[in-house]
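Trainee: could you work out the structure for the sequence below:
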Amino acid sequence: MRDAIQLLVIAVVLSGGVLKLLHLRRSESEHRAALRAMCLGLIALSVALVLELDAVTPALVEALGWEYSYALRHTPVLVAIFAWRVFFLCWVWEAGPTRDRRVRAHLWVLLGVLAARWLIAVLSPVGDAHAALTSDWSQAPWSAAGMLLYACYMGLTALGVTYLTIVWARDPGTRPWTRRGLRFITAGSIVALAYLVHKVVFMVAVLAGWQPGYDQYQLEWVLIATSALLHGIGTLMPLVASGVPAAIRLARHRAAYRRLGPLWLALTSARPGVVLCLAPAWVPERFRHLWDAVNLRHLDLRLYHRVVECWDVLVALHGHMDTRLRDRAYAEAVAAGEDAESAEAIAEAVMIRAALRRDEDDHRFVEEAARPGRRDRQETLADDIGWWQRVGRAWHHPVTRQLSGRLSPSPVPTG
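Mentor: Predicted structure coming up:
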């Protein structure tokens with residue numbers, strides 16, 4: 001059960017790291033240092049949680065011994081809390097020499113703490129760390145020193161993070177969802193401080209000769225998992241607030257792009273010169289359809305191009321488009337039981353199909369008066385996309401196929 005809960009926490013933390021890594025690609029340059037630090041912190045925290053799994057810790061002890069495995073379990077936690085502080089420091093402070101000096105100072109402090117912690121592991125006698133991990137601190141003087149070093153660094157850093165989150169949350173320019181996420185992070189830092197205070201108080205109590213009657217590490221595990229979960233939720237919250245609408249918009253664009261595919265292919269087959277290839281040069285031509293089907297990058301731009309290319313083909317076919325045929329198709333679609341909107345889309349599809357046949361057979365243009373107006377109904381791209389989707393749905397409609405085969409274009413001499 002404990003491992004299952006811990007894996008859930010790891011999943012939340014890693015999700016935040018992955019989303020932030022993806023966000024790095026589109027982030028403004030002034031915030032990239034902060035986001036890199038956040039990703040480092042989330043990844044290091046995930047590693048720390050993995051090392052605390054019941055299925056992993058015994059293997060570490062067997063491979064490295066109690067003293068080195070104990071120091072190894074502390075290392076990613078120290079790196080995570082350092083990266084967490086640097087993230088807030090880089091985000092709250094403006095870029096410049098002062099911020100860079102502060103980051104370098106914190107880095108040197110971290111390196112000093114890590115060096116001291118591993119030196120303690122090297123100097124610890126055999127059995128010292130094992131005694132510490134069974135809460136027998138009186139028999140673990142070296143590990144007690146290492147734990148005090150660990151707790152002091154973690155506590156001071158957690159206090160700094162708490163202060164920076166409060167400063168950031170009080171900024172009037174902070175977005176509401178970011179402010180809510182910062183509250184979760186502040187709560188996580190407070191829980192981390194409670195974990196550290198408990199660890200020090202418990203150790204002092206044991207050294208003073210009083211043995212508390214409960215499992216120290218069981219309670220501390222609950223505090224660590226709670227703190228990590230709060231930090232993960234706080235990180236994910238602003239991402240979800242902005243990412244969910246973006247995901248919905250992407251899904252709608254993808255659906256529209258897919259629905260326009262058959263109609264776009266039929267139109268551009270008649271005028272392939274209007275297609276602007278957006279596939280990278282390294283994609284072989286025979287795989288470009290596959291790339292287009294699976295690639296989600298720049299989907300809004302590709303959808304825009306698909307709509308424009310459809311209109312470009314209609315401009316080229318304009319002389320072959322006959323509104324008389326469209327009116328007849330509309331009347332028959334309504335008579336067949338279609339509603340007005342569906343009948344209009346079916347009529348447009350029938351007219352375009354007939355224009356494609358006339359163009360392929362090299363017919364003369366229809367009379368000027370019988371041609372439709374040139375793009376005189378759609379005012380926005382959204383209107384264009386909606387109109388083309390309706391025509392796309394009608395393109396292979398049974399009524400469209402039936403009318404296209406039965407209705408013939410108005411007689412115009414061929415030449």
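Trainee: any idea which helix or strand comes after the worst-scoring helix or strand of the chain on mean pLDDT?
Mentor: For the chain, using mean pLDDT, DSSP states H and E, the weakest element among its helices and strands is helix 2-24, scoring a mean of 63. Next along the chain after helix 2-24, taking DSSP states H and E as the criterion, comes helix 29-51.
Trainee: pull the CA atoms of that following helix into CSV?
Mentor: Extracted in CSV, the C-alpha atoms of helix 29-51 (Å, rounded to 0.1, in the frame of the first residue of the first chain):
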residue,chain,number,x,y,z
SER,A,29,13.9,33.4,-22.5
GLU,A,30,13.8,35.4,-19.3
HIS,A,31,12.0,32.5,-17.5
ARG,A,32,14.0,29.6,-19.0
ALA,A,33,16.5,29.5,-16.1
ALA,A,34,13.6,29.3,-13.6
LEU,A,35,11.9,26.5,-15.6
ARG,A,36,15.1,24.5,-16.0
ALA,A,37,15.5,24.7,-12.2
MET,A,38,12.0,23.6,-11.7
CYS,A,39,12.4,20.6,-14.0
LEU,A,40,15.6,19.6,-12.2
GLY,A,41,13.9,19.9,-8.8
LEU,A,42,10.9,17.7,-9.9
ILE,A,43,13.1,15.1,-11.5
ALA,A,44,15.4,15.0,-8.4
LEU,A,45,12.4,14.7,-6.1
SER,A,46,11.0,11.8,-8.2
VAL,A,47,14.4,10.1,-7.9
ALA,A,48,14.4,10.6,-4.2
LEU,A,49,10.9,9.1,-3.9
VAL,A,50,12.0,6.1,-6.0
LEU,A,51,14.9,5.5,-3.7
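Trainee: which residues of the stretch 151-300 of the chain fall in helices?
Mentor: With DSSP state H, counting those that start in this stretch as the criterion, the stretch 151-300 of the chain has helices at 176-207, 216-270, 288-294, 299-317.
Trainee: the first one vs helix 216-270, what angle?
Mentor: In this structure, helix 176-207 runs at an angle of 150 degrees to helix 216-270, with axes from the mean of the first three to the mean of the last three C-alpha atoms, to 10 degrees as the basis.
Trainee: next, the buried residues of helix 176-207.
Mentor: By 16 or more other C-beta atoms under 10 Å, the buried positions in helix 176-207 come out as 178-189, 191-193, 195-196, 199, 202-203, 206. Just so you know, the C-beta spots here come from the backbone N, C-alpha and C atoms, and that holds for glycine as well.
Trainee: tell me how far that helix is from the chain's mean position?
Mentor: 28 Å (C-alpha atoms, centre = their mean, to the nearest Å).
Trainee: now for that helix, which elements pack on it?
Mentor: Contact analysis of helix 176-207 by 3 or more C-beta pairs under 8 Å, 6 or more residues apart in numbering; DSSP states H and E lists helix 141-170, helix 216-270 as its packing neighbours.
Trainee: highest mean neighbour count out of these?
Mentor: Comparing the helices and strands packed on helix 176-207 by mean neighbour count (mean count of other C-beta atoms under 10 Å), helix 141-170 comes out on top with a mean of 19.
Trainee: quick one: distance of it to the chain centre.
Mentor: 30 Å.
Trainee: ok, now stretch 89-100?
Mentor: 26 Å.
Trainee: check stretch 320-338 too.
Mentor: 46 Å.
Trainee: show the average pLDDT along it.
Mentor: Summarised as a single mean, pLDDT over stretch 320-338 is 88.
Trainee: got the buried residues for it?
Mentor: 320-323, 325-326, 328-330, 332-334, 338.
Trainee: ok so, going back, please produce JSON lines containing the helices and strands packed on helix 176-207, extended by distance to residue 276 and mean pLDDT.
Mentor: Shown next, in JSON lines, are those (distance: least, C-beta to C-beta, whole Å; pLDDT from 0 to 100):
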{"stretch": "helix 141-170", "distance to residue 276": "44", "mean pLDDT": "85"}
{"stretch": "helix 216-270", "distance to residue 276": "11", "mean pLDDT": "81"}
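Trainee: count the residues that sit near residue 354.
Mentor: Using other C-beta atoms under 10 Å, residue 354 has 25 other residues around it.
Trainee: following the helix or strand it falls within, which helix or strand shows up next?
Mentor: Applying DSSP H and E as the criterion places residue 354 in helix 340-360. For helix 340-360, the succeeding helix or strand toward the C-terminus, using DSSP H and E, is helix 381-395.
Trainee: returning to what we had before: output the helices of the stretch 151-300 of the chain in JSON lines; the columns should cover distance to residue 343.
Mentor: Converted to JSON lines, those look like this (distance: least, C-beta to C-beta, whole Å):
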{"stretch": "helix 176-207", "distance to residue 343": "45"}
{"stretch": "helix 216-270", "distance to residue 343": "18"}
{"stretch": "helix 288-294", "distance to residue 343": "32"}
{"stretch": "helix 299-317", "distance to residue 343": "20"}
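Trainee: of all those helices, which one is nearest residue 386?
Mentor: helix 216-270 (8.5 Å; C-beta to C-beta).
Trainee: the closest one packs against which elements?
Mentor: Checking 3+ C-beta pairs under 8 Å, 6+ apart, helix 216-270 ends up next to helix 2-24, helix 29-51, helix 176-207, helix 299-317, helix 340-360, helix 381-395.
Trainee: could I get these as JSON lines with distance to residue 287?
Mentor: Shown next, in JSON lines, are these (distance: least, C-beta to C-beta, whole Å):
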{"stretch": "helix 2-24", "distance to residue 287": "24"}
{"stretch": "helix 29-51", "distance to residue 287": "32"}
{"stretch": "helix 176-207", "distance to residue 287": "40"}
{"stretch": "helix 299-317", "distance to residue 287": "16"}
{"stretch": "helix 340-360", "distance to residue 287": "28"}
{"stretch": "helix 381-395", "distance to residue 287": "24"}
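Trainee: highest mean neighbour count out of those helices?
Mentor: Of all these, helix 340-360 carries the top mean neighbour count, a mean of 21, counting by mean count of other C-beta under 10 Å.
Trainee: next, the angle helix 299-317 makes with it.
Mentor: For helix 340-360 against helix 299-317, the angle by the same axes, to 10 degrees is 60 degrees.
Trainee: now helix 340-360 - C-alpha only, CSV.
Mentor: Extracted in CSV, the C-alpha atoms of helix 340-360 (Å, rounded to 0.1, in the frame of the first residue of the first chain):
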residue,chain,number,x,y,z
ALA,A,340,-32.0,23.4,-44.4
GLU,A,341,-28.4,23.4,-43.2
SER,A,342,-27.7,19.9,-44.4
ALA,A,343,-29.4,20.5,-47.7
GLU,A,344,-27.3,23.7,-48.3
ALA,A,345,-24.1,21.7,-47.6
ILE,A,346,-25.2,18.9,-49.9
ALA,A,347,-26.1,21.4,-52.6
GLU,A,348,-22.6,23.0,-52.4
ALA,A,349,-21.0,19.6,-52.5
VAL,A,350,-23.0,18.6,-55.6
MET,A,351,-22.0,21.9,-57.3
ILE,A,352,-18.3,21.4,-56.5
ARG,A,353,-18.4,17.8,-57.7
ALA,A,354,-19.9,18.9,-61.0
ALA,A,355,-17.4,21.7,-61.3
LEU,A,356,-14.5,19.2,-60.8
ARG,A,357,-16.0,16.9,-63.6
ARG,A,358,-16.4,19.9,-65.9
ASP,A,359,-12.8,21.0,-65.3
GLU,A,360,-11.5,17.5,-65.8
